[in-house]
Each structure stands twice: as C-alpha cells, then as structure tokens.
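1. How does the following fold in three dimensions:
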Amino acid sequence: MTKKISVLMVDDEAQFRATTERILTRKGFRTILAESGEAAIDKLGEAPDVVVLDIRMPGMDGHRVLAEIKKRLPDLPVIMLTGHGDLQSAQESLTKGAFDYLTKPCDIDLLAAKIEDACRHGKAPAMVEEKSVMEVMVPIQEYTTVRAEESIRDAILKLKASFASKLSTNRLMETGHRSVLVVDDKNNVQGILAIRDLLELILPNYLTAPKPSMADTIQYSPMFWQGMFTKEVKQKAQIKIKDVMSPAPLTIEGTANLMEAAYLMVNNNARRLVVEVAGGVSGIIREQDLFFEIERIIREK
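-> Residues are numbered from 1 along each chain as shown. Presented below is the predicted three-dimensional model:
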C-alpha cells in the first residue's frame, strides 16, 4: 500500500485550516495542523513530508518559521501561502529555500499538485535565470503609433513602413509589427489596429450578415468577386481609425516572467500585450517575440 503524503498545514485562520484539512484528507493526504509558527516547529517531530506555511501570522511569521525549518531539516520542502499583496515577500522566500508559493485563496487541485511535486522532488528546484518581459519586448519608441482621428489610409501607410528594415531591432526587420497602436497626446494606449481589423473593414456588410437558412449553400461566381476588393479599399480609406480600431491590448508588467505573458496570450486569444513599467507604457510584447525566445533557448541548449 502506498504511504500517504503527510502535510504540515500552518495557518492562523481556523476556518482555513479546517476546510483545507477536510479537502486534503479527501484527496488522500495525511494532514497535521498547526495554528502558529511556534506550534509548527513543535510538530516537525511528527515527520511531515511537506510543509504548507502561511507567511502572515502573529508572533513567529512564515519567514522565521521557514528559516528555522531549513536550519533543522534543510531537505524538507516548504510551500508558502500568501495574499495577493504579499507577492514580493513570497518571491523572496524562494531565495531562502522555499519550494514554491501560492496565493490565497488557492485552487485546491493546484495545492495538491504542488504538494505532490514537492514530495517527489524534495529540495526547491534550482532557480533558472530567464529574461523578463521587458528584455524581450519591442520598445514603444520602435513601435508604430497613430492617433484615433487619423484615417485608415494613414494607418496603412505607417503599418507598411514597419515592415521595412530596421537597423536597431532585428526582430522588427524580420516580421514587421502587423499592427499599429492608437495613442493619445500623452501616449496612453486607446486601442490597436491590426491587419485583421483592416480585412474585416473591407468586407461588405452583406457578406457577413446572417443569411436565411435556404441561402446557406449559396456559391458566389468568379464575376461576383471581380473588382470588389479594390472598390472597398478605396471607399473605406478615409474612415477614421477610431471607428475601426480594436480595444487596447491587455497589459503586463515589464518585470513579469515570459511564461505569464504566454499564459495571458493563450487564455485571452491575444497576439500582443502592452508592457507597463512604473505605470507608463514601455513597449509591446508580441507572440513572435516569445517565439524568438523559444528558438534562442532551443539553439543554446
């Protein structure tokens, strides 16, 4: 019979301890409870396989408990729990030997998976130096921007220019922007105009309007399409950008990890993110920028 993983749960909130114990027990873990840092140290004698430790506790806080655990049992993995406002403190705990950290309230399945990982791997994994979003992004000075009152014609000409060779950034030379940022006088991002927006603009309304069920199988003849593309482009060239642009992209902090950028892109079906540093727009990170970093890591393996 497989030995149950023994988890020392340290938290000063009685309700949290009780709820977590009940769920972890149901998932097959053996749970040891401690309501304070001092109690946690006393219960190390019950030989837990993993410690789940809250950072903010009265008396002996999580950092002090972590230090004492590492002094006594350096190989015992510790998962830190923190609130959203304490992320920097939790990240600092990784440098002091914590296996990982999770924010409260945490997903119980994620906690269970982290406990199993900690038990399987023991010590905290070696910290891997990775580039931040800020080191991979396209600086805002090198990204093409337009104003909302400008015309579609203006945007198209500027977007085309972004595909020209750029000496300062090889990535721009290889791929172009595929979009322009719409900004105000203070460079606040108001929206974005991408090639897909332009394609949607030139489609006549009747091509995208719902059809009667009996018309679902309509086949258009070659003559139907003749001249339509050119006509629509010319007719819509003077439309203002503000009437066509898409909403501003999601934002991400410049110090964020590249995996966070990948997560935001995938889960929000986004091809680019606005990068903020100190509350201001600093650049754009695009899916191709992440691809180039993937290629670099593979090449340097």
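
2. Is Val180 bridged to anything, and to what?
-> Taking DSSP bridges as the rule, Val180 bridges to Leu193.

3. Test my guess that it contacts Ile192.
-> Yes - judged on C-beta atoms under 8 Å, Val180 makes contact with Ile192 at a distance of 7.3 Å. Just so you know, the C-beta spots here come from the backbone N, C-alpha and C atoms, and that holds for glycine as well.

4. who has more neighbours, those two?
-> Neighbours were counted for Val180 and for Ile192 using other C-beta atoms under 10 Å; Val180 has more, 26 against 22.

5. For that one, list the residues it contacts.
-> By C-beta atoms under 8 Å, 6 or more residues apart in numbering, the residues touching Val180 are 144-146, 155, 158-159, 162, 192-193.

6. can you confirm Glu149 is in a strand?
-> No - when classified by DSSP: H, G, I helix; E, B strand; the rest coil, Glu149 is found to be coil rather than part of a strand.

7. so what's it closest to, chain neighbours aside?
-> Closest residue to Glu149 apart from its sequence neighbours, by C-beta to C-beta, 6 or more residues apart in numbering: Lys240 at 6.1 Å.

8. For that neighbour, list each beta-bridge partner.
-> Legend: beta-bridge partners of Lys240 under DSSP bridges are Ser151.

9. mind listing the strands for the stretch 51-200 of the chain?
-> For the stretch 51-200 of the chain, the strands defined by DSSP state E, counting those that start in this stretch cover 78-82, 100-103, 138-139, 145-146, 179-183, 189-194.

10. Could I get those strands in CSV, plus columns for distance to Ala270?
-> Putting the strands of the stretch 51-200 of the chain into CSV (distance: least, C-beta to C-beta, whole Å) gives the following:
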stretch, distance to Ala270
strand 78-82, 27
strand 100-103, 23
strand 138-139, 15
strand 145-146, 19
strand 179-183, 11
strand 189-194, 10
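
11. would CSV of those strands with mean pLDDT and distance to Asp12 be doable?
-> Converted to CSV, the strands of the stretch 51-200 of the chain look like this (pLDDT from 0 to 100; distance: least, C-beta to C-beta, whole Å):
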stretch, mean pLDDT, distance to Asp12
strand 78-82, 90, 11
strand 100-103, 87, 17
strand 138-139, 87, 46
strand 145-146, 92, 50
strand 179-183, 90, 47
strand 189-194, 92, 43
